[in-house]
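>>> need a 3D model of the sequence below.
(chains A and B)
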Amino acid sequence: MKHRDFDVVVIGGGHAGAEAAHAAARMGAQTALVTMSADGIGVMSCNPAIGGLGKGHLVREIDAMDGVMGRVADRAGIQFRLLNRRKGPAVQGPRAQADRRIYRTEMRAEMERQPNLWIVEGEVVDLLVETGTIRGVTLADGAVLRSASVVLTTGTFLRGVIHIGDERRSGGRMGDKAAVRLAERIDSFGLPLGRLKTGTPPRLDGRTIDWSSLDMQPGDETPELFSFMSHAPTARQVSCGITHTNARTHEIIRENLSRSAMYGGHIDGVGPRYCPSIEDKVVRFAEKDAHQIFLEPESLSDDVIYPNGISTSLPQDVQEDYVHSIAGLENARILQPGYAIEYDYVDPRALDLDLSVRAFPGLYLAGQINGTTGYEEAAAQGLVAGLNAAARANDRERITFSRSDSYIGVMIDDLTSRGVAEPYRMFTSRAEFRLSLRADNADQRLTGKAIALGCVSEQRKAQFDAKMEALAQGRERLSALSITASQLNDAGLNVARDGARRNGLQILALPEADFELLLPHDPELAKVSTDIRRQLGNDAIYANYIDRQARDVEALRREEAAIIPAEFDYADLQGLSRELQQKLDRARPANMGQAARVDGMTPAALTIILSRLQREQRKRPA
Amino acid sequence: MDTIFALASAAGKAGVAVVRLSGPRSWDSVRALSGTVPEPRRASLRRLIAADGTFLDSALVLTFPEGQSFTGEESAELHLHGSVAIVQAVLRELLSHDGVRHAEPGEFTRRALENGRMDLAQVEALADLIESETEAQRQQALRVFSGALGGKVETWRTRLVRAAALLEAVMDFADEEVPVDVSGEVVELIDHVATDLRQELHGFGSAERVRSGFEVAIVGAPNVGKSTLLNAIAGRQAAITSEIAGTTRDVIEVRMDLSGLAVTLLDTAGLRETGDAVELIGVARARERAAAADVRVFLGGSADGVESREGDLHYGAKADLTGDETGISGVTGQGIDRVLSDLSRVLSERASAAGLVTRERHRAAMQAGLEGLDTARLVVLQGPDEYDIAAEELRAAIRNLDALIGRVGVETLLDEIFSSFCLGK
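Residues are numbered from 1 along each chain as shown, chains lettered A, B, ... in the order given. The predicted structure is shown next:
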């Protein structure tokens, strides 16, 4: 008999929380999503866009596991662009401007629609701990929710402080209060904490912008959507405006630097280098006389404009001045000033690969609390934490991802073994197996796994099975072809006339090859759909490289299979330097693969760890 | 799983040298060298022939089937004649086999462990063994990279990091203000490094490089009799000696054979603080070489700026003047035999750990790195649409050079990207 109200309690309704709650519920766990306000579910606090390079990959992977972010973004998308369209599929990243209101409404609807999922409005002020294990949460009104696992996704709300010039106030986001009591409770857990900061630009009234003087950037003609289940955008499509800062803007900012919260010394947290404030840009790249600004509509149903590129913590009067110095914004009205926000994060090296806190069984962390930035990074962690929180509640094995199967695996491995020095953001360059971890094949990589877990809808399963069948058939037909070099030359392909014969897959790997030219050689191929043709082509392009990496992937999998127990004692190991012992102790690598990536690791030290592992294994009774 | 090999016996001239192979292609390699695979666990005499037809050696070949070897894998041993040149040639030939590479420090032991082929007592003793092996290799690498080559290695790293960062920036920040086409600069960077690598590889091939083994630095205060000792040991007037302090301004080298080991004796400039600009350079160079040497012979107490390490030798100087019976004198020859036997003992111990394998490893790394760079260069020239492939080729090339330039992780690339471009919308 289980004495609990829910299997899983998720604290927070942001991108991590929503994805976590939905994933847990899909796994069949009775799940409560506790949020200060149900209106806050799916709020985009920063720029109104989803996806991009690396990030778009994450969204596709979430979708491949039947998560919600991709399909909600598709419904909210008002401008779709596939970045790097001309480059290889491995570095193409889908991105969309999202209507903030539609996104929020659709995300909430997803939560309400999902069986096993309850939305609870309230502020969590305490975590129930019994004999070192998490047993549920207490709300501000005194109500207690008992559960087998708790997922904490507090974003920037842990001791959040908002800065505008020398003004500072407590807050988790503009207009929302910070979670102070929860932060104090987490202090008592003795987890390693750090402080980070991020910022946003002032929001502008679109009716006061002189659009006629600006360049406009439209979306792609054929929109590339996120979800493998979506077909076409549903919202009206719009363009973004482009303008630039100028010498006058920079002068205003330079003159007022000391009044900026960041430059005035009011902020201790570390900010992301890839999302610098306009103050940072002007100081660090003094030689540049203009910086690009994208004017992004936040919604089809209001006039709020997000000027992407000028986030700031300058006082409001300076923000007015520099905004008005920019072409097209001479008369722009500021609806909400830009601000910087500082918040606490937990050093993610305190977490295991399933995002559970090593020291407190049953507690899972996801999103910005782990030192990441970005909706997509947060949602991907939410997915992992939600799946695992449910698995724990149902006494199932934990669910992990590998660097060799997904960007999700890359991110979680990076976070838990290396920690963060600045807010962590995904880039395609972080994935060593980038050529095989593509946005286009996320379903081939992960949907099978998701089906095995049982967290996928019938509809998606049917569609996936049909696609895999079509791919297999296509591959088979292509492999059966045997075409000579001179036949290819006759068809207009420039290859050496070496007498060699090639099959269809080998031909598709050639730079100029097109599926069409294979049709005369097998009329049946004409029946292959456009999508499947494109997928077969994408898979063929990198086949050689993927073969070459197979040995690396195998080595990685073997190392990942050598699990290092959580209680492993590094201090006791002879032959390791003190420094390395300390680093290992902090990182607590989950397996030999992670240990190998700890900074300063040597082959000799790895062998020493392995030898101890083997010895301990042998000591244990079989 | 790769097949690995290493020289299992001590480096240097000896009766027999044993090269060990382990992994799924061990027997394939034996077959490639000797034509057939001898019956397992039975010593068989075979002629080893290189792929190009060159006769390498007459060797005793032993093969062990999976499950019945030290590592538990299919493995083999080649008992060669103990000549440095023969060993070198065989190692190089093995490296040309597909899926076969040099073992990492301790890798044989590690595989034995992974396959459950070691008992508890052996595991206990392992830590010390591996650590000493690694330390020897580190010292070896330091020596290879000291001085001029060390500086070059640093510029290789800088250039390759820049090249890789440029490609990554174009792809990962495509929607920001970064250049669209960086092929020109990337190719230029690659060319610089490739040219250097080609030169270094050429140098590696010369006979002198192959024979150069250990370095022994004689250090001490100026005019303590270092050059006289060197001359006495070498038996010939290699260094100019004089009574004026600071005569030996540069590093003077004498190569010799000590109990079958190739040894380079270094006579360093006297170590002391000096105001003379030319002497200052000499002193700096001397310290650098002395620090990188395998063994330091300290004459007449400590030497400014050079630390004594385990295995270094210390002697009293100018025994002919001081009358010190335990000291040595290059003038009378007192104690020279003792210096030689001490050196020979210390170096023989060292030879068992490192030696030519490290150097051969570096040569192989440069060769593979160079080939990788050549491929990457061709793809970069195809233009921005192919950068995904170009980056992959470049990454592979850089990984091959890990042992020389150090690991280049993604954080290194991001550092370079963020310091070069103003990114972030």
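>>> can you give me the helices in the stretch 501-622 of chain A?
A:504-508, A:530-541, A:543-561, A:578-587, A:592-596, A:603-619 (DSSP state H, counting those that start in this stretch).
>>> so which of those helices is nearest chain B?
Comparing these by their distance to chain B (CB to the nearest CB), the top pick is helix A:603-619, with 4.2 Å. C-beta here means a position set from N, CA and C on the backbone, and glycine is covered the same way.
>>> run through the residues that contact the residue in the stretch 51-200 of chain A positioned nearest to chain B.
Residue nearest to chain B within the stretch 51-200 of chain A: A:Gly88 (3.7 Å; CB to the nearest CB). Under the criterion of CB atoms under 8 Å, 6 or more residues apart in numbering or on different chains, the contact partners of A:Gly88 comprise A:435, A:541-542, B:385-389.
>>> try it again with 7 Å
Shown in contact with A:Gly88 (CB atoms under 7 Å, 6 or more residues apart in numbering or on different chains): A:541, B:388-389.
>>> how close does it get to A:Val384?
28 Å (CB to CB, to the nearest Å).
>>> same question, A:His266
Taken as CB to CB, the span from A:His266 to A:Val384 is 35 Å.
>>> what of B:Arg345?
59 Å.
>>> re earlier: neighbour-wise, which one of the contacts of A:Gly88 leads?
B:Asp388 (25 neighbours; other CB atoms under 10 Å in any protein chain shown).
>>> that one: which element?
Element membership of B:Asp388 [criterion: DSSP states H and E] is helix B:387-400.
>>> tell me what that helix is packed against?
If you count contacts as 3 or more CB pairs under 7 Å, 6 or more residues apart in numbering or on different chains; DSSP states H and E, helix B:387-400 packs onto helix B:147-172, helix B:356-380.
>>> and the first one with chain A, contact?
Yes: using CB under 7 Å from any CB of the partner chain as the criterion, contacts between helix B:147-172 and chain A involve B:168, B:171-172.
>>> which phi and psi values does A:Thr222 adopt?
Main-chain torsions, A:Thr222, degrees, to the nearest 10: phi -110, psi 100.
>>> ok, it to chain B distance?
To chain B, A:Thr222 is 18 Å away according to CB to the nearest CB, to the nearest Å.
>>> and for the helix holding B:Asp388, what's in contact with it?
With CB under 7 Å, 6+ apart as the test, helix B:387-400 has contacts from A:87-88, A:90-91, A:435, A:545, B:160, B:163-164, B:167-168, B:170-171, B:365, B:368-369, B:372-373, B:375-376, B:379-380, B:408.
>>> and the strands in the stretch 251-400 of chain B?
Per DSSP state E, counting those that start in this stretch, the stretch 251-400 of chain B carries strands over the ranges B:252-258, B:261-267, B:295-299, B:313-315.
>>> is it possible to get JSON lines of those strands that adds mean pLDDT, distance to A:Met65 and mean neighbour count?
Output for the strands of the stretch 251-400 of chain B, formatted as JSON lines (pLDDT from 0 to 100; distance: least, CB to CB, whole Å; neighbours: other CB atoms under 10 Å in any protein chain shown):
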{"stretch": "strand B:252-258", "mean pLDDT": "72", "distance to A:Met65": "65", "mean neighbour count": "16"}
{"stretch": "strand B:261-267", "mean pLDDT": "76", "distance to A:Met65": "61", "mean neighbour count": "22"}
{"stretch": "strand B:295-299", "mean pLDDT": "87", "distance to A:Met65": "60", "mean neighbour count": "23"}
{"stretch": "strand B:313-315", "mean pLDDT": "88", "distance to A:Met65": "65", "mean neighbour count": "18"}
